[in-house]
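[1] how would this look folded up:
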Amino acid sequence: MAGARSRFTRCALGAVVALVPLLLPSASWALDWRDCPGVSGSECATLRVPLDRSGGLAGRVPLRLARLDARAARPTLVYLSGGPGGAGIEEMLSVVPLVPRLAERYRVVGFDQRGTGRSGLLRCPAVERDPRLRSASAGAACARRLGPARRFYTTPDSVADLEAIRRALGVRRLTLFGISYGTELALAYARVHPDRVDRLLLDSVVDPDDRDPFGLAGFRAMGPSLAGLCPRRCEGVSGDPLADVVALAARLGTKRLRGAWYDRRGRRHRRSLGPTALADLLYDSDYNPPLRAAMPAAVRAALSGDAAPLVRLAAEGAGLASLPSPRSFSSGRYATVCEETPLPWELSTPVAERLAEAQRRAAALGPAAFAPFDLRTAAADEIGLCLRWPGVPSGRVPAPAAPYPAVPTLILQGGEDLRTPPEASARVAAAVPGAQRVVVPGVGHAVVGGDPSGCGLRALRRFLAGRPAGGDCARVGTGVPAAALPPVSLRGVAPLRGLRGRVGRTAAAVGVTIDDLAFSLSPAFLAYSGGGLRGGSFAVRGGRVLVRRFSAIRGVWVTGASRRGRLRLRVGGRAAAHGRVTLRSGGRLRGRLGGRRVSVRLPGFGAAAAGARAGASDPASVIRATPARKSSHPRLVPSPTR
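    Residues are numbered from 1 along each chain as shown. All right, here's what the predicted structure looks like:
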């Protein structure tokens with residue numbers, strides 16, 4: 001699927017860093033450190049390692065390293081990037097500033113893992129054109145392009161590379177910080193070299209011992225995640241959001257949902273959604289949890305026949321799934337997960353028989369195992385990408401997994417993470433002697449970079465200082481109002497008290513439209529400009545909110561701008577009572593509609609939620625200034641493994 005499931009997850013640029021102390025750095029005599037071109041305050045070096053350490057295939061891989069401080073008196077920490085495919089140096093440079101004084105206390109070292117960044121970048125054009133990384137034909141083309149060398153871009157190879165780096169650095173032990181796939185690499189290294197690890201800091205843990213080829217843990221996590229959004233039954237939006245998803249997924253399995261969404265220029269785009277797209281949206285929101293908070297109402301609308309809210313969310317989620325440049329993320333390196341990820345067939349299974357074998361194994365589990373979806377949805381990510389991957393065994397038989405060493409370990413877990421769900425980190429925490437685990441409810445994938453409360457970062461600081469990390473965090477709010485979505489037409493709007501007919505309905509529709517504008521300005525959407533639910537566009541420029549034919553209800557639109565705490569609007573549309581109105585503090589609406597004077601207070605003004613997020617006392621604050629900061633989660637590199 002597009003995003004998360006089995007063992008691997010592509011981590012985010014700028015997702016987080018957690019740095020820990022290290023022991024006894026000494027002279028880096030094996031490396032020729034020089035200034036990094038275009039990167040101030042760092043030095044780079046290249047360490048050449050064998051492609052195939054068994055000697056069967058000739059060639060060497062130039063591992064690109066970077067360090068932020070050359071002073072040997074400081075302990076050393078190695079940052080391990082996500083993916084597999086993320087450029088480690090680029091990620092390191094983006095996450096280190098998130099931890100105050102980190103670079104002042106530790107010698108921070110990062111490297112581009114083999115096949116990524118500037119470490120012999122692997123390119124697979126067909127996969128690079130597949131943003132969800134699930135095309136069987138693209139995977140097969142990548143395998144042919146990489147040839148026999150594809151066998152040597154796996155976790156064991158990276159473990160050996162990391163040990164070569166340790167030796168070249170001249171240090172006895174390494175403190176390792178990993179995020180997403182980087183946690184798997186860190187844990188694998190700790191098992192192979194237990195005496196070479198000082199500490200582990202693991203964010204969004206991949207369980208190396210998880211052999212489930214269908215990634216069912218992510219599906220199991222959907223229910224608790226959706227339920228956590230609705231402690232008070234979603235304020236009447238949905239009594240059971242998971243049941244709604246189940247019902248919609250079943251419906252989409254027989255008939256796709258079709259609707260339109262509007263871009264920042266107000267241009268209309270058609271889109272259809274099936275059950276896999278619905279699952280994609282849930283996983284995409286790992287990188288922006290407020291997006292998931294908007295789903296219960298959108299799913300209810302879709303069940304009632306209104307596709308627009310869900311199509312709009314899917315368009316937002318698709319932006320999170322776009323692939324960065326190959327230099328930032330190697331799709332070719334990611335494709336090599338087919339060499340080691342668990343799959344529902346044996347290596348010797350002929351390509352033509354693999355899907356049938358997967359279906360047989362799925363049938364043995366029963367349909368309930370895949371709830372709220374089915375095998376077809378679960379089979380998208382690695383199963384799809386690897387369906388035609390050559391199944392010739394590499395000849396390297398993995399050794400039985402060694403126990404984890406008893407080294408200080410901190411595990412950070414987003415409570416709403418579907419890619420690396422809580423049950424995975426709970427298993428790892430139980431297996432690592434003395435491990436401390438901190439869960440942050442309301443946060444998705446990558447805690448340190450995605451937790452606006454800072455609770456995870458404070459736990460990290462305590463851990464690095466040698467103190468207990470502390471207990472689980474309080475739930476992080478989404479900043480998204482749990483309110484019903486606008487009706488499709490003006491007929492679905494009740495007139496405001498004291499006003500009759502079309503004028504009363506239009507006045508109420510203006511309030512509903514502004515509610516939807518406030519929702520569009522909420523953290524559910526990462527851009528400060530975009531399209532309206534039914535048409536038009538909005539933008540924030542110079543601290544002012546601008547709307548152009550912004551429509552949340554068919555046949556009614558508003559055009560105008562905010563100024564001095566007021567929103568002045570022209571109201572139009574084929575169904576509306578035309579006129580001009582001004583929205584003031586407290587939801588007071590005054591002006592003329594259909595030739596009649598209007599002076600009312602708008603009820604249930606949903607913008608209050610967005611205003612509260614900005615620390616304001618009334619809804620007009622959203623209009624008065626730049627809207628509340630969007631999700632503090634950085635722009636992430638989306639993961640092809642749910």
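
[2] you'd agree A297 is up against V237?
    Yes: with contact defined as Cβ atoms under 8 Å, A297 reaches V237; the gap is 4.7 Å. Glycine gets a C-beta too; all of them are placed from N, C-alpha and C.

[3] When the two are compared, which one has more neighbours?
    A297 (25 against 21; other Cβ atoms under 10 Å).

[4] Quick check: the gap between that one and A494.
    Separation of A297 from A494 (Cβ to Cβ, to the nearest Å) stands at 18 Å.

[5] Also R544?
    Plainly put, R544 is 31 Å away from A494 if you go by Cβ to Cβ.

[6] Compare these two (neighbour count), which wins?
    Set side by side, R544 and A494 show more neighbours around R544, with 16 against 10, by other Cβ under 10 Å.

[7] which residues sit in contact with the more buried one?
    A561, S562, R563 (Cβ atoms under 8 Å, 6 or more residues apart in numbering).

[8] Low-confidence bits of the stretch 151-300 of the chain, can you list those?
    231-235 (pLDDT under 70).

[9] right, I mislabeled it, should have said the stretch 451-600 of the chain
    In the stretch 451-600 of the chain, residues with pLDDT under 70: 482-483.

[10] same check, this time on the stretch 1-150 of the chain
    Looking at the stretch 1-150 of the chain by pLDDT under 70, you get 1-29, 72.

[11] the strands in it, which residues?
    Remark: strands assigned in the stretch 1-150 of the chain by DSSP state E, counting those that start in this stretch are 34-35, 43-50, 60-67, 76-80, 107-111.

[12] How far does the shortest one sit from its chain's centre?
    Centroid displacement of strand 34-35 relative to its chain, using Cα atoms, centre = their mean, to the nearest Å, is 34 Å.

[13] Check the last one too.
    Offset of strand 107-111 from its chain centre (Cα atoms, centre = their mean): 25 Å.

[14] same question, the third one
    Here strand 60-67 is found 28 Å from its chain centre; the criterion is Cα atoms, centre = their mean.

[15] Need the contact partners of that strand.
    Here strand 60-67 has contacts from 31, 33, 36, 39, 42-51, 89, 92-93, 107-115, 117-120, 161, 164-165, using Cβ under 8 Å, 6+ apart.

[16] Around A30, how many other residues sit close by?
    13.

[17] As a check, name the ranges of all helices in the stretch 401-550 of the chain.
    Remark: helices assigned in the stretch 401-550 of the chain by DSSP state H, counting those that start in this stretch are 422-431, 447-450, 455-464, 501-520.

[18] For the first one, list every residue counted as buried.
    Counting neighbours by 16 or more other Cβ atoms under 10 Å, one finds that the buried residues in helix 422-431 are P422, A424, S425, A426, V428, A429.

[19] Among the residues you listed, which one sits closest to R220?
    Nearest to R220, judged by Cβ to Cβ, of the buried residues of helix 422-431 is P422 at 9.8 Å.

[20] My read is that the closest one contacts Q413, right?
    Yes: using Cβ under 8 Å, P422 is in contact with Q413, at 5.5 Å.

[21] Need the overlap of contacts for the two.
    Contacts common to P422 and Q413, judged by Cβ under 8 Å, 6+ apart, are V439.
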